[in-house]
Structures are given as C-alpha cells and as structure tokens.
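Participant: Got a predicted structure plus its sequence, pasted below:
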Amino acid sequence: MAETFKSLKGQLLLDNGQLNGSFFHKAVVLICQHDAEGAFGLVLNRSSNNKVGEMLVADLPEQLKEQTLFLGGPVQNTALSYLHSDALVLEGNVIPNLSLGHSLDSLVELRESFSSTKQIRVFAGYSGWGAGQLEDEMRRKAWVTHPASLELVFQPEPSKLWQQILRQKGWQHKLLAETPDDLSSN
C-alpha cells in the first residue's frame, strides 16, 4: 500500500544524532516548502560569522547591515533567502505570521517600512531535497520533528537552539542533547 504524502512545511527538523560529520550535524532546519517534488528549508542555527552588510552589495538600512548573516544550507551559498515576521501582518507563507522571501528589493522595502514588531533573519544558501529524499531520511530516523514557532525561528541565541528543543522532547532526546561530540571527553 502506498504511503500518503505528509508535508513537513512549518516543521523544524533536528539532527537525530545520525548526521555527525555533515553540514547538518546538530542542525535545526525550518522546512519552508515541501511537496511531492521535494523540500526547501533553512538552517536556523548556523551563523556565517559575517554581517549582512559585509556580504550583500546593496543600499541596506544600517540596522539590517549589522545583523548576522546565517547559512541556510549547503546548496547555492550565493542564494539569498530571508524570513520575516510582523505582528501587524498575521498571514504567512511558511507558518502564520512568518513569510519567506528571496528578492533583495523586497528585503530593502521590508526593512525600510517602520514597525517596532518586525523581525527579519537573512540567509545565504539553503537546504534542499529532491522528490522522496526527505521522506527517505525521515524513514531512516535521521531527523526529529518539532513544530516551528516565531520564538524558535527568531531565537536570540540560535547556537543553543538544537539543545534547547531536544531537552523539551523527553529523556532520550535530552540525553542526545547532552552527549559531547567527542565521547572520549565524556
């Protein structure tokens, strides 16, 4: 019997301890699009150690230039993506009140419009899966899922996000979150 397709759009994927040595080791990936043709996501907890203004040649507002640029994934590291939210806009194309964009012009417009509740996170590159590839990884239990929220997407300390979420998911996942990369240092 054929499996029914289940979209993971709006879910976070967390490395389940099987991705050691890969770009996705201890990664938290927000799935922004997912259908039978494949999936598109952004890694939320990988900083590029650069500022947006250092990497994008554009007339950007100073506040946006000073933000950290994140590595969305290992695919097309020159591709621009950004997530944005505003309490004044309740709809979103990823989850309620969270939208994905790719246009530099739209990013500049977003940042220039005034709102004290606006949040933006900018990414270079993305995470992508072909048809059936993500489903295969899910069957192999490479990933743990967790519902996305604005609080998690815009977490002020993204480097702690993987551990923070796993600690909430029960003792087995908490154990994984506490396991050092090098077991000889345990």
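Facilitator: Received the coordinates, thanks. Numbering: from 1, shown residues only.
Participant: Tell me the pLDDT of residue 181.
Facilitator: Looking at residue 181, its pLDDT is 63.
Participant: Residue numbering should commence at 31 henceforth.
Facilitator: Yes, from this point I'll number from 31; that puts the last item at residue 211.
Participant: For the nearest residue to residue 153 once chain neighbours are set aside, give me phi and psi.
Facilitator: Computed as C-beta to C-beta, 6 or more residues apart in numbering, the closest residue to residue 153 that is not its neighbour in sequence is residue 102, at 3.4 Å. From N, CA and C alone the C-beta is placed, and that goes for glycine too. With angles defined as degrees, to the nearest 10, residue 102 sits at phi -70, psi -20.
Participant: now swap in the one 3 residues further on and tell me
Facilitator: Backbone dihedrals for residue 105, given as degrees, to the nearest 10, come out at phi -100, psi 130.
Participant: Which residues lie in contact with it in this structure?
Facilitator: 155-158 (C-beta atoms under 8 Å, 6 or more residues apart in numbering).
Participant: Let me know the secondary structure of the nearest residue to it once chain neighbours are set aside.
Facilitator: With sequence-adjacent residues excluded and distances taken as C-beta to C-beta, 6+ apart, residue 105 is closest to residue 158, at 4.8 Å. Of the three states, residue 158 takes strand under DSSP: H, G, I helix; E, B strand; the rest coil.
Participant: For burial, what's the neighbour tally of residue 158?
Facilitator: Residues near residue 158, counting by other C-beta atoms under 10 Å, number 18.
Participant: List the beta-bridge partners for it.
Facilitator: For residue 158, the beta-bridge partners are residue 70 (DSSP bridges).
Participant: For the residue nearest to residue 153, give its distance to residue 208.
Facilitator: Distance, residue 102 to residue 208, by C-beta to C-beta, to the nearest Å: 27 Å.
Participant: And the two? Which one has more around it.
Facilitator: residue 102 (31 against 11).
Participant: Quick one: list the elements packing against the worst-scoring helix or strand of the chain on mean pLDDT.
Facilitator: Ranked by mean pLDDT, DSSP states H and E, the weakest helix or strand in the chain is helix 201-208, scoring a mean of 72. When contacts are defined as 3 or more C-beta pairs under 8 Å, 6 or more residues apart in numbering; DSSP states H and E, helix 201-208 packs onto helix 191-197.
Participant: follow-up on the earlier one: can I get the least confident helix or strand of the chain in CSV, CA atoms only?
Facilitator: The C-alpha coordinates for helix 201-208 follow below in CSV (Å, rounded to 0.1, in the frame of the first residue of the first chain):
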residue,chain,number,x,y,z
TRP,A,201,14.7,11.8,28.2
GLN,A,202,16.1,10.1,25.1
HIS,A,203,16.4,13.4,23.3
LYS,A,204,17.7,15.2,26.3
LEU,A,205,20.4,12.5,26.6
LEU,A,206,21.3,13.2,22.9
ALA,A,207,21.4,17.0,23.6
GLU,A,208,23.9,16.4,26.4
